[in-house]
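*Asks:* heads up, no residue letters with this:
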């Protein structure tokens, strides 16, 4: 949702689940993954949940585990409202493992010439 143009690619399908939930399916080279995208009452993306992201428990073993990306706040950048504070976490049997927590300063788009 940080680069909204990806939402309109031919290999992405969307299904409305409710007023504030959308199921996104990406199909590429025979690989299919799903995620549910959630939006707040103002229509801003709040978080995404998927069970199609792999987590490494070491020793080269990878397992699909629940994964959540959250937008904690927004900011204006070049006239656009973009995420500011963002986190990404796996939900594991013994608790949450926060994989990423950061602040986006800006998103730079490079148009094709």
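*Replies:* Perfect, I can see it now. Keep in mind it's a predicted model, so treat the numbers as computed, not measured.

*Asks:* what about residue 78, distance to residue 108?
*Replies:* From residue 78 across to residue 108, the span is 9 Å (CB to CB, to the nearest Å). In this view, the C-beta of every residue, glycine as well, is placed from N, C-alpha and C.

*Asks:* Angles on the backbone of residue 8, please.
*Replies:* phi -110, psi 10 (degrees, to the nearest 10).

*Asks:* Then residue 7?
*Replies:* According to degrees, to the nearest 10, residue 7 has phi -60, psi -20.

*Asks:* Where does residue 26 sit, in terms of helix or strand?
*Replies:* For residue 26, the host element (DSSP states H and E) is strand 21-28.

*Asks:* my read: residue 11 touches residue 27, true?
*Replies:* Yes: the pair residue 11 and residue 27 qualifies as a contact (CB atoms under 8 Å) at a distance of 5.4 Å.

*Asks:* tell me which helix or strand of the chain sits lowest on mean pLDDT?
*Replies:* Scoring the helices and strands of the chain by mean pLDDT, DSSP states H and E places strand 80-83 at the bottom, with a mean of 88.

*Asks:* quick one: buried residues of it?
*Replies:* 82-83 (16 or more other CB atoms under 10 Å).

*Asks:* where are the low-confidence patches of the chain?
*Replies:* 1-4, 109-113 (pLDDT under 70).

*Asks:* Any idea how many residues pack against residue 13?
*Replies:* Neighbour count of residue 13, defined by other CB atoms under 10 Å: 12.

*Asks:* quick one: strands adjacent to the one helix or strand it maps to?
*Replies:* Per DSSP H and E, residue 13 falls inside strand 12-18. Next to strand 12-18 in the sheet, as set by DSSP bridges, lie strand 21-28 (antiparallel).

*Asks:* So for the strand it pairs with, what gets flagged as buried?
*Replies:* Quick answer for strand 21-28 (16+ other CB under 10 Å): 22, 24.

*Asks:* before we move on, what about stretch 63-79?
*Replies:* Here stretch 63-79 shows 65, 67-71, 74 as buried, counting by 16+ other CB under 10 Å.

*Asks:* what comes into contact with it?
*Replies:* Stretch 63-79 is contacted by residues 1, 44-55, 57, 81-92, 104-107 when judged by CB atoms under 8 Å, 6 or more residues apart in numbering.
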